[in-house]
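[1] Predicted structure and sequence below. I'll ask about it afterward.
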Amino acid sequence: MYPRIMHIYGPFCVQSYGVMIVLGFSMFLLCTFYNKKRREIICDDQYLNTMIIGLISGLIGGRAFFVFYEWSSFAKNWLNIFRVWDGGFVILGSILGVLLTLSIYLWWIEVAIFKYFDLIAIYVPIVQAFGRIGCFLAGCCYGVECYDNLFAVIFTNTNSIAPLNVPLYPTQLYLSVTSLLIFVALFLLRNVLNKNGQITFAYLCFDSLARFFIDFYRGDRGDLTHFNFLNCDFLLSGIQVSVLVVLIGALGAFFTIGLYNKKTQ
C-alpha cells in the first residue's frame, strides 16, 4: 500500500495513517460542532477545549497502551517511545484516555458528563473507520496468512509494516467497515437509547465485541495467553483480554442504567 505520502526531512514525512486520522477527526468535528443538541449541552469554546484535551489524551493513551503491550521493543531504548512518527497506537488506550481526562474536565466545568459522551459516542466510529483505512495503507494491524480468501490482500511496499508478498486477511478493512456499521446503529438508536449513558455504553459494547472477534484474525497479536471456558480453549492476546474487561463492564453499566430508570419511573 502507501504508508508514506511525502518525505519532508530526515525521519519526518507525511504518513498516510496521519492523513486519514486528520480526515476522520475533521469529519467528526463537523458533525458534532454544528450539532444543535451539542449546543444545548456545552458552549462552543468549552467544546473546542474538550477537542484539544481529547486529542492530546487520545494520543498519549493510545501510545501508552502500545508501549505497554510491546514493551520488549522499547526496553533497550526507551527513547523510541517518543518516535510517534513511526506509528504505534492502540485505539482502546485512546478511548480510555479520552474518557478519563474529559470526565475530569467536564466535571470541573459542570457539564453533564453522560449527555456529552452520549452525543460524541455516536460519531467516534467515524474517526475509527478513517483510522483503520490509515492502518490498511500503512500495513499495520494486519491479518494472519490467508490462502483461500477471495478478499485477501498482499502488501508489496517495502515501507509497509505488514509481511510482504504474502496473502493476508484485511483485518484493517474489517474493522473499518464494522466501525461504520456501529455508527449507523448508534445513529438510528439515538432516540431509543435516550437514558443518560446508554449510548456511551452501547458504543463501548459494540466496539469491544467487534474488536474481540476480529482480533482472532490478526497477525500481530503478540504474546498469547491460554484460557479455558465451558470446556473450550482460547488463546487470547493482551488486547483481547482488555476489551473483554471493557465489554463486561460496559454491559453491566448499560443494563444497570436501564434497570435504574425503570425503578425510578
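    Thanks, I have the structure now.
[2] Going by C-alpha atoms from here, please, whenever you check contacts or count neighbours.
    OK.
[3] those helices in this structure, which residues are they?
    16-33, 36-41, 44-69, 71-74, 91-108, 113-138, 171-189, 198-214, 238-264 (DSSP state H).
[4] For the second one, name the packing helices and strands.
    Counting contacts by 3 or more Cα pairs under 8 Å, 6 or more residues apart in numbering; DSSP states H and E, the secondary-structure elements packed against helix 36-41 are helix 113-138.
[5] Mind giving me the packing neighbours of the helix it packs on?
    helix 16-33, helix 36-41, helix 91-108, helix 171-189, helix 198-214.
[6] what do you get if the cut-off is 6 Å, keeping everything else the same?
    Other helices and strands packing on helix 113-138, by 3 or more Cα pairs under 6 Å, 6 or more residues apart in numbering; DSSP states H and E, are helix 16-33, helix 171-189, helix 198-214.
[7] Tell me the spacing between Cys43 and Ile52.
    15 Å (Cα to Cα, to the nearest Å).
[8] weakest of the helices of the chain by average pLDDT?
    Ranked on mean pLDDT, the bottom entry among the helices of the chain is helix 71-74, at a mean of 72.
[9] Pull out the buried residues from that helix.
    Judged by neighbour count (16 or more other Cα atoms under 10 Å), helix 71-74 contains no buried residues.
[10] Put the alpha carbons of that helix into PDB.
    The C-alpha coordinates for helix 71-74 follow below in PDB (Å, rounded to 0.1, in the frame of the first residue of the first chain):
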ATOM      1  CA  TRP A  71       7.500  -3.200  26.000                       C
ATOM      2  CA  SER A  72      10.100  -5.700  24.800                       C
ATOM      3  CA  SER A  73      10.500  -3.500  21.700                       C
ATOM      4  CA  PHE A  74      11.200  -0.400  23.800                       C
END
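[11] Residues touching it, excluding its own?
    Residues from elsewhere that reach helix 71-74 (Cα atoms under 6 Å, 6 or more residues apart in numbering): none.
[12] Kindly report the same for stretch 177-188.
    In contact with stretch 177-188 (Cα under 6 Å, 6+ apart) are residues Ile122, Pro125, Ala129.
[13] Can you give the distance of stretch 114-131 from its chain's centre?
    Relative to its chain's centre, stretch 114-131 lies at 10 Å (Cα atoms, centre = their mean, to the nearest Å).
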